[in-house]
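Engineer: My questions concern the predicted model and sequence given below.
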Amino acid sequence: MISKLRRFTLAGLLLPFMWTAALAQAVSFPELNSAVPGHQDVTYFDLAKMIVPDLNAGDDGFYKGSAPIEMRDILGGDDGGSPPETINLPNAAVLAIRAGGKERLTMLLDLGQAQDSAEGFAVLALYDLTGKPKLLDAVNVGTDRSTYFRDPGKLALSADDNALITMSTHFNSNQGYVGTILILVRNDRFEPIDQINTFDENVCAYKRTQDLSFQTRGGGKPYAAIKVTVTDATVPSGESCEEPAPKAVSHDISVTYRWDAKASRYVKDSDAFEKLSAENAERF
């Protein structure tokens, strides 16, 4: 019989190499005029003004301003949306992370969209609060109309580092479009790992969903491997419809990202998500 001590020893040895499901993290939505915990002389409004310098509180509970500071698009290129001429900001999403062994604060501010743009403009900002608050980096992560932190918000890549997960989406009467971005924080800068596009349908005869889950595996240096799985499931509605109902079916599509020291970036092991995106585009 294996002793309890040996069992604990084996568990400790195996733990870094086991895939572990990501746990939900604490994304919060504080009032902008409230103080940052541990920094009573600093408010979230102070941090937001580093993004929108002329931001001011309005009479309707929204914070109003004009153009944000200049920033790059997280995915590169010039395909990102534009901010609206007038910003109406109700609040911001806040998430504390670790990056390079240091405590950092991230804020996600969905600024809305310009009249001539199909995409919104959402700012992901990185702050150092160890002394006087400092804005370290800011990028546009908006790829659709509305942008959020996607559950679980962040992933532990090591004891010293987190990756972030954002999502942009819009819905119509029976379709939902979601673009999810995995983001590494390295040298106090945001770096994209990948974008994953999914598509949901809810019609008379069936409902088809594409849900994401995230797992990490320790032992990689300096960052853990990340396994992302899309569960593509079709469920017949049981209703009497003009179109025939498909069979109930569900299958998983997984891609694993591993750190490539030579390339100095995460590299995926397949193009399965690109193929899924192309297949989804044919159903739009």
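Structural biologist: Ah, there it is.
Engineer: What is the burial count for A118?
Structural biologist: With neighbours defined by other C-beta atoms under 10 Å, the count for A118 comes to 10. Yep, even glycine has a C-beta here, placed from its N, CA and C like the rest.
Engineer: Next one: it relative to S82, how far apart?
Structural biologist: Going from A118 to S82 by C-beta to C-beta, to the nearest Å gives 10 Å.
Engineer: Go ahead and confirm I196 touches T166.
Structural biologist: No: taking contacts as C-beta atoms under 8 Å, I196 lies outside contact range of T166: 11.2 Å.
Engineer: overlap in contacts of these two?
Structural biologist: Counting by C-beta atoms under 8 Å, 6 or more residues apart in numbering, the shared contacts of I196 and T166 are T180, I181.
Engineer: sorry, back to before: which neighbours do A118 and S82 have in common?
Structural biologist: In contact with both A118 and S82: no residue, using C-beta under 8 Å, 6+ apart.
Engineer: wait, what's in contact with D188?
Structural biologist: By C-beta under 8 Å, 6+ apart, D188 lies in contact with A99, G100, R104, L126, D128, L136, D137.
Engineer: Kindly indicate which of these lies nearest S213.
Structural biologist: Closest approach between the contacts of D188 and S213, by C-beta to C-beta: A99, at 23.6 Å.
Engineer: From E119, how far off is the closest one?
Structural biologist: 27 Å.
Engineer: Could you do D60 as well?
Structural biologist: Look at D60 and E119: by C-beta to C-beta, they are 25 Å apart.
Engineer: Phi and psi next, for A272.
Structural biologist: According to degrees, to the nearest 10, the main-chain angles of A272 amount to phi -60, psi -40.
Engineer: That should have said V52, apologies.
Structural biologist: The phi and psi values for V52, taken as degrees, to the nearest 10, are phi -120, psi 90.
Engineer: count of neighbours near the residue nearest to it when sequence neighbours are not counted?
Structural biologist: Leaving aside its chain neighbours, V52 sits nearest to G65 (3.9 Å; criterion: C-beta to C-beta, 6 or more residues apart in numbering). G65: 20 surrounding residues under other C-beta under 10 Å.
Engineer: confidence score at G65?
Structural biologist: Looking at G65, its pLDDT is 95.
Engineer: For F45, see how far away it is.
Structural biologist: 11 Å.
Engineer: any residues in contact with both of the two?
Structural biologist: By C-beta under 8 Å, 6+ apart, the residues touching both G65 and F45 are L55.
Engineer: Please, where are all the strands along the stretch 151-284 of the chain?
Structural biologist: Listed in chain order, the strands of the stretch 151-284 of the chain (DSSP state E, counting those that start in this stretch) span 162-171, 175-186, 189-202, 206-217, 225-236, 249-260, 265-268.
Engineer: quick one, the longest one and strand 206-217 angle?
Structural biologist: Going back to what we said before, that points to strand 189-202. Taking axes from the mean of the first three to the mean of the last three C-alpha atoms, to 10 degrees, strand 189-202 and strand 206-217 form an angle of 150 degrees between their directions.
Engineer: what do you get for the second one?
Structural biologist: With the same axes, to 10 degrees applied, the angle from strand 175-186 to strand 206-217 works out at 10 degrees.
Engineer: quick one: buried residues of strand 175-186?
Structural biologist: Within strand 175-186, the residues that count as buried by 16 or more other C-beta atoms under 10 Å are Y177, V178, G179, T180, I181, L182, I183, L184, V185, R186.
Engineer: so who does the closest residue to L135 other than its chain neighbours touch?
Structural biologist: The shortest distance from L135 to any non-neighbouring residue, by C-beta to C-beta, 6+ apart, is to M50 (4.4 Å). Contacts for M50 (C-beta under 8 Å, 6+ apart) come out as I69, A125, Y127, P133, L135.
Engineer: What's the per-residue pLDDT of M50 here?
Structural biologist: pLDDT at M50 comes out at 98.
Engineer: quick revisit: compare D60 and E119 (neighbour count), which wins?
Structural biologist: The neighbour comparison of D60 against E119 (other C-beta under 10 Å) goes to E119, with 20 against 9.
Engineer: Might you report the residue contacts of that one?
Structural biologist: Counting by C-beta under 8 Å, 6+ apart, E119 makes contact with G80, G81, Q113, G142, T143, D144, R145, S168.
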